[in-house]
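In: Predicted coordinates and the sequence they were generated for:
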2 protein chains.
Amino acid sequence: MPRVLTNEAVDEFRERLVDAAERLFAQHGLEAVTMRQLAAALGVSPMTPYRYFADKEAILAAVRARAFNRHAEALELALEHGHTPLERANAVGRAYLDFALGHPEAYKLMFDIKQPNEAAHPELVEAGARSRATMTAHLLAMIDDGVVKGDPDLIGHMFWSALHGAIQLQLAGMLSPPFDAKRLAGEIMRTLWLGLNADPV
Amino acid sequence: MPRVLTNEAVDEFRERLVDAAERLFAQHGLEAVTMRQLAAALGVSPMTPYRYFADKEAILAAVRARAFNRHAEALELALEHGHTPLERANAVGRAYLDFALGHPEAYKLMFDIKQPNEAAHPELVEAGARSRATMTAHLLAMIDDGVVKGDPDLIGHMFWSALHGAIQLQLAGMLSPPFDAKRLAGEIMRTLWLGLNADPV
DNA sequence: GACTTAATTCTTACAATGTAAATTTATGCC
DNA sequence: GGCATAAATTTACATTGTAAGAATTAAGTC
């Protein structure tokens, strides 16, 4: 009988490959990283990764899933460090911005890509859902506490859009001094809070 | 002496090629369109386009420049159709949204791409500047008229970020009912106006 | 410990891409 | 008509993702 890979060995290889892919994508961008480079980074022959991933897209899915999970963890950590709902909202916004600007390539892979059949990768779907859920968790508390009125899902999407827009403009190189994502995001979020409280329901 | 292309002939070929590129990019996306396809679309051999454009990136620059100009024209048209500054602001916002959702591929080429040496294509730089200038033109009038207070450039960037974020989320497939770019953009813009007026300077 | 056998890995191969280099074609002056 | 030369085509090459085939290797049997 031949040697058979244990599940642990398979997982370990997949993880090492995702490590390398994450690093190389961040360094050179998704398009610029080749299957051959990934294989070389692990010291295996060019076709070996195909034993562990269906194709390049499956590797992308794994990297994205990990990014969504890291993102969720960063926001969850921020959530714990605020005592009032408003503090938590600000902490989450700041954490979102810090993640995006600190890991721009990961952020683009998460939110700026239309992966054809995303549904084929359940771990990716789950990680995406987790990240999304964390983003709005604190808003529910704010509505409950009466700090702000309205549909929490709608308000969450409004802040998300605003933050995302500022970030995307900066990452695409469309902003020049004295404007940057951090400043714009701060101004927009402040103004939105004002507007939400000024709004008669 | 050999036949020499007139400037008109060169311009005409370039224009036909940009026509084809625009259409094919919109249909299949930038990455999926090959130089060979572009050549075939004009009925010439694969290398002929290289007589008129340095490389694929130069074609992209030309397509982007044209998109920026179309965008500017759409916004300028909207500007003319409003009588009060507030009407004009709403019309421009609506025109921006309509352009983005009506020509999603063009929009992504304009605002979601970091073209390496953009500065090497003056027509692109100029078209981009024109589009940007149009976006903020009406805000200056609003500030002058005292409809709203603050730095017009900052306020312009705030609305831009918010609109862009909602659009990008939709184009990346990140929004699902009952949320879409149009609704989010409307809610955000309304709330921002409220917040700006509520804000003591 | 040698042998068998199938999972794993590596090597080879191919079609597609952007584009460089070589070749052919066509024009207008002598 | 022949020639110089711009334009266009043809040929060629390195690089990519990945399919197919060949080689390697390790576990169980004797």
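Out: On my side now, so go ahead.
In: Going by neighbour count, which residues of stretch A:97-116 are buried?
Out: A:97, A:99-101, A:103, A:105-112, A:115 (16 or more other CB atoms under 10 Å in any protein chain shown). Every residue, glycine included, has its C-beta placed from N, CA and C.
In: Tell me the spacing between the closest residue to chain B within chain A and B:Met189.
Out: Residue nearest to chain B within chain A: A:Gly165 (2.6 Å; CB to the nearest CB). As judged by CB to CB, to the nearest Å, A:Gly165 and B:Met189 stand 12 Å apart.
In: For the most centrally placed residue in chain A, I want the exact helix or strand it lies within.
Out: Note on chain A: the residue nearest the mean C-alpha position is A:Phe68, at 4.3 Å, using CA atoms, centre = their mean. Using DSSP states H and E, A:Phe68 maps to helix A:56-80.
In: as a whole number, average confidence for that helix?
Out: Helix A:56-80 comes out with an average pLDDT of 96.
In: What is the subsequent helix or strand relative to it?
Out: For helix A:56-80, the succeeding helix or strand toward the C-terminus, using DSSP H and E, is helix A:85-102.
In: between the helix holding A:Phe68 and helix A:85-102, how many degrees?
Out: Here helix A:56-80 runs at 150 degrees with respect to helix A:85-102, directions being taken by axes from the mean of the first three to the mean of the last three CA atoms, to 10 degrees.
In: Is there proximity between helix A:56-80 and DNA strand C?
Out: No - using CB under 7 Å from any atom of the strand, helix A:56-80 stays clear of DNA strand C, with a minimum separation of 13.7 Å.
In: Report all helices and strands that the helix or strand encompassing A:Phe25 contacts.
Out: Using DSSP H and E, A:Phe25 falls within helix A:7-28. If contacts are counted by 3 or more CB pairs under 8 Å, 6 or more residues apart in numbering or on different chains; DSSP states H and E, helix A:7-28 sits against helix A:35-42, helix A:56-80, helix A:104-111.
In: Contacts for it, please.
Out: For helix A:7-28, contacts defined as CB atoms under 8 Å, 6 or more residues apart in numbering or on different chains pick out A:33, A:37-38, A:41-42, A:49, A:52-53, A:59-60, A:62-63, A:66-67, A:103, A:105-106, A:109.
In: So which bits of it are buried?
Out: In terms of neighbour count (16+ other CB under 10 Å), helix A:7-28 has its buried residues at A:Phe13, A:Arg14, A:Leu17, A:Val18, A:Ala20, A:Ala21, A:Glu22, A:Leu24, A:Phe25, A:Ala26.
In: Look up the pLDDT of the second one for me, please.
Out: In other words, A:Arg14. With respect to pLDDT, A:Arg14 has a value of 96.
In: could you check the distance from the nearest residue to A:Ala40 once chain neighbours are set aside over to DNA strand C?
Out: Among residues not flanking A:Ala40 along the chain, A:Pro46 sits closest, at 7.9 Å (CB to CB, 6 or more residues apart in numbering or on different chains). Distance, A:Pro46 to DNA strand C, by CB to the nearest atom of the strand, to the nearest Å: 5 Å.
In: residue contacts, A:Pro46?
Out: With contact set as CB under 8 Å, 6+ apart, A:Pro46 has these partners: A:Met35, A:Arg36, A:Ala39, A:Ala40.
In: what secondary structure does it sit in?
Out: coil (DSSP: H, G, I helix; E, B strand; the rest coil).
In: thinking A:Asp134 is in contact with A:Arg70, fair?
Out: Actually, residue A:134 is Thr rather than Asp. No - between A:Thr134 and A:Arg70 there is no contact under CB atoms under 8 Å: 11.5 Å.
In: Now do the contacts for the closest residue to A:Ile155 other than its chain neighbours.
Out: Of all residues not flanking A:Ile155 in the chain, A:Leu139 sits nearest, at 5.8 Å (CB to CB, 6+ apart). A:Leu139 makes contact with A:Ala89, A:Pro152, A:Ile155, A:Gly156, according to CB under 8 Å, 6+ apart.
In: and which of those is nearest to DNA strand D?
Out: A:Gly156 (36.1 Å; CB to the nearest atom of the strand).
In: Where does that closest one sit, in terms of helix or strand?
Out: With DSSP H and E as the test, A:Gly156 turns up in helix A:152-171.
In: That helix relative to helix A:104-111, how many degrees between them?
Out: Counting by the same axes, to 10 degrees, helix A:152-171 lies at 140 degrees to helix A:104-111.
In: picking that back up, also near DNA strand D: which of the contacts of A:Pro46, exactly?
Out: A:Met35, A:Arg36.
In: still on that earlier bit, show me which of A:Thr134 and A:Arg70 is the more surrounded one.
Out: More crowded of A:Thr134 and A:Arg70, by other CB atoms under 10 Å in any protein chain shown: A:Thr134, with 21 against 17.
In: where's that one relative to A:Leu97, distance?
Out: Separation of A:Thr134 from A:Leu97 (CB to CB): 15 Å.
In: ok, now A:Phe159?
Out: Distance from A:Phe159 to A:Leu97, counting by CB to CB: 11 Å.
In: need the contact list for A:Met158.
Out: A:Met158 touches A:Leu192, B:Leu184, B:Glu187, B:Ile188, B:Thr191, counting by CB under 8 Å, 6+ apart.
In: which one of those is nearest DNA strand D?
Out: B:Leu184 (34.9 Å).
In: so how far is DNA strand C from the closest one?
Out: B:Leu184 is 35 Å from DNA strand C, by CB to the nearest atom of the strand.
In: Give me the three-state assignment for that residue.
Out: Of the three states, B:Leu184 takes helix under three-state DSSP.
In: Next to chain B, which bits of chain A? Give me the list.
Out: For chain A, the residues in contact with chain B (CB under 8 Å from any CB of the partner chain) are A:31, A:111-114, A:153-154, A:157-158, A:160-166, A:168-169, A:171-175, A:179, A:184-185, A:187-188, A:190-199.
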